[in-house]
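> Return a 3D structure for these sequence lines:
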Amino acid sequence: MSNDALVPVERIERAIYLIRGQKVMLDRDLAVLYGVETRVLNQAVTRNSRRFPADFMFELTREEIRNISQIVICLETMKHARGVRAFTEQGVAMLSTVLRSDRAIGVNIAIMRTFVKLRQMLDSHAKLADKLAELEAKYDGQFRVVFEALNELMAPPEPKRKTIGFSVKERRARYAVK
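Residues are numbered from 1 along each chain as shown. Down below sits the predicted model:
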């Protein structure tokens with residue numbers, strides 16, 4: 001089975017967050033991808049804690065958890081359980097040394113390829129932005145409209161959200177009261 005068929009790249013991309021200026025994946029998302037319980041993944045990490053220095057893995061603060069969580073997390077549960085762990089790209093690579101199933105190996109390869117793909121896309125975007133800035137400085141007055149349009153196209157799209165509920169449109173009175 002190919003690694004792409006094992007886990008779709010889009011699924012991995014959605015599980016990568018930017019936290020503390022680093023691209024990371026959360027223990028709960030990794031556990032789902034690897035097909036193990038989060039508890040099992042974290043036990044393997046705890047048993048091999050020397051393999052996971054702070055630049056490979058860190059625990060999120062409650063505020064960070066609130067910022068990324070789409071569901072309400074019970075704070076009472078968090079008091080008794082270990083916090084949510086975030087793994088950097090190196091930490092994800094290190095997971096392959098502690099999770100040794102065939103699925104873990106395949107998923108790890110797919111995740112590493114996704115990180116590389118994202119890095120290449122960001123690098124390409126940065127090069128394009130630099131080149132555009134260079135051209136803009138050179139031909140500032142002549143092509144201002146073109147550069148403004150290009151800058152607009154390069155800006156990340158704003159999320160499209162459909163309004164929930166209904167809105168009431170006011171009607172103008174047909175007959176004026178005098």
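> if I pick the residue nearest to Glu37 when sequence neighbours are not counted, what's in contact with it?
Nearest residue to Glu37, sequence neighbours excluded (Cβ to Cβ, 6 or more residues apart in numbering): Ala31, at 6.1 Å. (Glycine included, C-beta is placed from N, CA and C.) For Ala31, the contact set (Cβ atoms under 8 Å, 6 or more residues apart in numbering) comprises 37-38, 40-41.
> try 7 Å
Counting by Cβ atoms under 7 Å, 6 or more residues apart in numbering, Ala31 makes contact with 37-38, 41.
> Likewise for Glu89?
For Glu89, the contact set (Cβ under 7 Å, 6+ apart) comprises 23, 115.
> Same question for the one 4 residues further on.
Ala93 makes contact with Met112 under the criterion Cβ under 7 Å, 6+ apart.
> Could you point out the helix or strand that follows the worst-scoring helix or strand of the chain on mean pLDDT?
Here the helix or strand of the chain ranked lowest by mean pLDDT, DSSP states H and E is helix 75-80, holding a mean of 46. Next helix or strand after helix 75-80 toward the C-terminus (DSSP states H and E): strand 85-88.
> so what strands line up beside that next one?
If you go by DSSP bridges, strand 85-88 pairs up with strand 22-26 (antiparallel), strand 57-59 (antiparallel).
> Nearest to Arg103 among these would be which one?
strand 22-26 (16.0 Å; Cβ to Cβ).
> ok, and what's touching the closest one?
Contact partners of strand 22-26, identified using Cβ under 7 Å, 6+ apart, comprise 15-17, 84, 86-89, 92, 115, 118.
> Quick one: mean pLDDT for the longest helix seen in the chain?
When the chain is parsed with DSSP state H, its longest helix is helix 102-138. Mean per-residue pLDDT for helix 102-138: 77.
> Tell me which residues of that helix come out buried.
For helix 102-138, the neighbour count (16 or more other Cβ atoms under 10 Å) marks 104, 106-112, 114-115, 118, 136 as buried.
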